[in-house]
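**Student:** Provide a 3D model corresponding to the input given below.
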Amino acid sequence: MDEPEFFDEGALIGVLTTQPLDRVLDYKAPAGGCWQGSFVEVPFGPRKVLGVVWGGGRGDWDPAKVRAANRVLDVAPMRREMKEFIEKSAQYTLTALPNMLRLATRAPGLSDPPSMRKVYRLGDGTPDRMTEARTRVLEVLQEFGGLSFTLKELSEQAGVTSSVVKGLVKQGAVAEEDTPRDVPFPKMDPDYGAKELTPEQAAASASLRTGIQSRSYGTTLLRGVTGSGKTEVYLEAIAETLRQGRQALVLLPEIALTAEFLTRIEARFGAKPAEWHSGVTMTERRRIWKMVGQGGAEVVIGARSALFLPFRDLGLIVVDEEHDTSYKQDDGVLYNARDMAVLRASLCDARVILASATPSLESWANADAGKYERLELASRYGPAVLPDMRVIDMRSEDLPAASWISPSLQAAVRARLEKGEQSLLFINRRGYAPVTICRACGEQIGCDHCDARMVEHRFLKRLLCHQCGESKPMPEACPSCEVEGKLAPVGPGVERLAEEAQAHFPEARLAVLSSDLFGSARALKEGIRAIADGGADVIIGTQLVAKGHNFPLLTLVGVIDADLGLQGSDLRAAERTFQLMRQVAGRAGRSARKGAAMLQSFQPEHPVIRAILAGDEEGFWSAEAAQRRDAGVPPYGRMAGIILSSGDVQQVFDLGNALARQDAPLRRIGAQVFGPAPAPVARVRGRHRVRLLVKAEKTAPLQSALAEWIGQFKIRGDLRLSVDIDPQSFY
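**Tutor:** Okay, here's the model as predicted:
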């Protein structure tokens, strides 16, 4: 790869800033000069802002008015492949370059000079007396192991005043140290804690290691049944990456998965990796960002935004549970981390491992077409075997009104309770009830800012809107007719199911696992750990429980409403239902005890339900692929969603109609435009929403046509227009 260009002091440079502009700005190189890719501080009006030297200046501005960059920041310059990744990502998603750069610089204090700071970690002393506040401080430090905190961070994490921490410092229970603000992470040892693999795992591992040794791009779909040991296989790929002196990134779909995973990484490599997600402190974010760029962080475990970290030599990206919908960002910059991982790896000669028991149809189709290598793990690791699958035909169950746990499922749970085993009752609905209706006037309580029903969360004693987050106390009287005592819940949520389960199994210890009920990532991790340690007999869970958790004592999974995901017109409804049911069922019997999964259904003859029971995954994917191919929809066609919003409903429809009329750029590539139509949730946070859908053939140059089409219009005032390439949801 060509060496970056150097610009002498005073030379004209083009700087891309994170400011909302549609162009690169001309500046003069600062004292001492700068490289292409250097992070610089530049004057922007009266302010100083962060920017990157994108290349030479354009020279189309009055030279007398061109200002000089203030200074080069003390961080590793942006590498050429990262610059190319940002540009190609922006082109693919039709996102402005400054917005993409903002994703790549989401760490505080990058412009701060190197300095020392006081940090706090667990000390060797013992306090002369313990209080509740002191206990919380020590628990935080013990939980986070060797991590250090600033005084503010430790106080906030523990929910105490700084004086409590200072008091523990005087007692020696907490150590106070002066350290550089940003230090490298401990070295990882690729040979530290390797496990013996099964022959099937060893063959898959050998194939992955060979690819990594080639130091060339390639993507592998690692498909293995739940509990087959996919993680151990790709940990060996990480080990080989470390032996090559390169860095590895593992993407996880859920913060709650990181605690158990970090423990596994430390056990395998003898040190903790860098951890990047919304639950990480700002101090740690800056450290990770800088160390990744300098090579001081060898392995990063992160959420989807970790893709935009400035790796010095990225050799491997693992996308665990690659089918998970949380890899698609649905606000701000709209991108799919799975697809962006493949793009990023292709630009830096890295390998990609897409791991899943139930891969996305996109990945399955790419493997089927030979674009991706495919590796299979067909059996569970060790003595564990796949759970027995059966359907409960709800049409023949004698179930009282307003009850949801069938007699057959109740009997199965009781049998597990007698054996000291755990059961999981799964329903993909948060809260107590999805609808609250007034029996006097028929009013359904809705959100004041959205066209959505508010969901009762009885544990919180509030109504919540799952679209905008609006919350209000549960009213005594109907807000429409003002009659008291007539508000009634309709339908089950996870909290209502827990209430019913407690009535059926009064002797059982119940745990409700739903993201709404945990105030922090730390509390959620603790809740999951307690369940895994046997702290509950019956678990009531939402989609959260399907994401890779390992509960050794869990032998029964009961799906309350297996038909729920089959409703609606989403083209991915069958795929998502199949994935979710198989993933949830896979939580059962992951140790030596035999597991079972029971699906309550009013449609037991539905093709998706039959495919789930039969375990014929290849048959399901082949049939689903044939239907999508015939319809010309992803992954065998292209789609883009256009979302318009405004506080003025007429204004948003006027723009939608104008777009639909002036669609010549799209017709030239054979694309079709559907709409405008109100979005399924037509108002969110007080803004009216209208959607258009564009459909084109697989090979059509969709992005360029969309850019020309949208470019005909000036989006002014309160109007907003966003483009969603390859939409995953249509709300």
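
**Student:** may I see the buried residues of the longest strand along the chain?
**Tutor:** Scanning the chain for the longest strand, with DSSP state E as the assignment, gives strand 672-684. For strand 672-684, the neighbour count (16 or more other Cβ atoms under 10 Å) marks 673, 675-676, 678-679, 681-684 as buried. For every residue, glycine as well, the C-beta is placed using N, CA and C.

**Student:** who's in contact with residue 490?
**Tutor:** If a contact means Cβ atoms under 8 Å, 6 or more residues apart in numbering, then residue 490 has 433-437 as its contacts.

**Student:** residue ranges with poor pLDDT in this protein?
**Tutor:** Applying pLDDT under 70 to the chain picks out residues 1-2, 115, 145-146, 256-257, 381-386, 515-522, 546-549, 567-569, 589-592, 730-731.

**Student:** coming back round to it: what is the nearest of the buried residues of strand 672-684 to residue 691?
**Tutor:** residue 679 (4.7 Å; Cβ to Cβ).

**Student:** quick check, that closest one in contact with residue 692.
**Tutor:** No: between residue 679 and residue 692 there is no contact under Cβ atoms under 8 Å: 10.3 Å.

**Student:** what about the helices in the stretch 501-650 of the chain?
**Tutor:** For the stretch 501-650 of the chain, the helices defined by DSSP state H, counting those that start in this stretch cover 521-532, 573-585, 607-614, 617-631, 649-661.

**Student:** which positions within the fourth one qualify as buried?
**Tutor:** Residues of helix 617-631 classed as buried: 617, 620-621, 624-625, 628 (neighbour count, 16+ other Cβ under 10 Å).

**Student:** in a markdown table: the helices of the stretch 501-650 of the chain, plus distance to residue 477.
**Tutor:** Output for the helices of the stretch 501-650 of the chain, formatted as a markdown table (distance: least, Cβ to Cβ, whole Å):
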| stretch | distance to residue 477 |
| --- | --- |
| helix 521-532 | 34 |
| helix 573-585 | 38 |
| helix 607-614 | 42 |
| helix 617-631 | 48 |
| helix 649-661 | 30 |
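
**Student:** who's in contact with the closest residue to residue 155 other than its chain neighbours?
**Tutor:** Among residues not flanking residue 155 along the chain, residue 162 sits closest, at 5.0 Å (Cβ to Cβ, 6 or more residues apart in numbering). With contact set as Cβ under 8 Å, 6+ apart, residue 162 has these partners: 151-152, 155.

**Student:** same check, this time on residue 229
**Tutor:** Residue 229 neighbours (Cβ under 8 Å, 6+ apart): 197-198, 201, 377, 380-381.

**Student:** quick check: residue 343 vs residue 664, distance?
**Tutor:** Counting by Cβ to Cβ, to the nearest Å, the gap from residue 343 to residue 664 is 30 Å.

**Student:** residue 561 too?
**Tutor:** Residue 561 is 46 Å from residue 664, by Cβ to Cβ.

**Student:** residue 255 and residue 275 touch, don't they?
**Tutor:** No: the criterion here is Cβ under 8 Å, and residue 255 misses it with residue 275 at 9.5 Å.

**Student:** more crowded one of those two?
**Tutor:** When residue 255 and residue 275 are compared for neighbours, residue 275 comes out ahead with 26 against 20, by other Cβ atoms under 10 Å.

**Student:** tell me the SS of the more buried one?
**Tutor:** Classification of residue 275 by DSSP: H, G, I helix; E, B strand; the rest coil places it in strand.

**Student:** how about the contacts made by it?
**Tutor:** Going by Cβ under 8 Å, 6+ apart, residue 275 touches 258, 262, 284, 288, 300-302.

**Student:** same question, residue 223
**Tutor:** Contacts of residue 223 by Cβ under 8 Å, 6+ apart are 355-357, 359, 374-377.
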